[in-house]
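**Q** whatever this is, show me its structure:
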Amino acid sequence: MATTPESLRRDLADGAAASQRADSSAEQIRAAAAQRRAVVQQRIDELVPLVQRSPSAADEYQALVAERGRLDIVLAGGAEANT
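**A** Residues are numbered from 1 along each chain as shown. Have a look, this model is predicted:
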């Protein structure tokens, strides 16, 4: 199939639309990550005084700290997630 000016315009328009959808999706993901990070941080703050005397609180704390790290990667743009 030969490339024509019309097919090139159509391909460029399709690419631009896909790029806009990707940008919108990325922004929604970042917003959700920011909201979740606030919830996680609040729970971490609640657990700090309990960690020394409660193994279950310590386990939850450790899991939340790991989750917060993953959320920070998302919020930073995700470059570290590929390593």
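
**Q** show me the shaky parts of the protein.
**A** 79-83 (pLDDT under 70).

**Q** got a list of what residue 40 touches?
**A** Residues in contact with residue 40, defined by Cβ atoms under 8 Å, 6 or more residues apart in numbering, are 64, 67, 68, 71. Every C-beta, even on glycine, is put in place using the N, C-alpha and C of the backbone.

**Q** likewise for residue 49?
**A** So residue 49 contacts nothing (Cβ under 8 Å, 6+ apart).

**Q** so which helix or strand takes in the residue minimising distance to the centre of the chain?
**A** Centroid-nearest residue in the chain, with Cα atoms, centre = their mean: residue 74, separated by 3.4 Å. Taking DSSP states H and E as the criterion, residue 74 maps to helix 55-75.

**Q** which strands or helices does that helix pack on?
**A** Under the contact criterion of 3 or more Cβ pairs under 8 Å, 6 or more residues apart in numbering; DSSP states H and E, helix 55-75 touches helix 5-47.

**Q** now the helix it packs on against helix 55-75, angle please.
**A** Angle, helix 5-47 to helix 55-75, by axes from the mean of the first three to the mean of the last three Cα atoms, to 10 degrees: 150 degrees.

**Q** burial check on residue 47, number of neighbours?
**A** Residues contacting residue 47 under the criterion other Cβ atoms under 10 Å number 19.

**Q** the helix holding residue 74: how far from the chain's middle?
**A** Helix 55-75 sits 14 Å away from the centroid of its parent chain (Cα atoms, centre = their mean, to the nearest Å).

**Q** can you pull the buried residues of it?
**A** By neighbour count with 16 or more other Cβ atoms under 10 Å, helix 55-75 contains the buried residues 57, 60, 61, 64, 67, 68, 71, 73, 74.

**Q** now render the residues you listed as JSON lines, adding distance to residue 39.
**A** As requested, these are exported to JSON lines (distance: Cβ to Cβ, whole Å):
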{"residue": "57", "distance to residue 39": "17"}
{"residue": "60", "distance to residue 39": "13"}
{"residue": "61", "distance to residue 39": "14"}
{"residue": "64", "distance to residue 39": "9"}
{"residue": "67", "distance to residue 39": "10"}
{"residue": "68", "distance to residue 39": "10"}
{"residue": "71", "distance to residue 39": "10"}
{"residue": "73", "distance to residue 39": "17"}
{"residue": "74", "distance to residue 39": "14"}
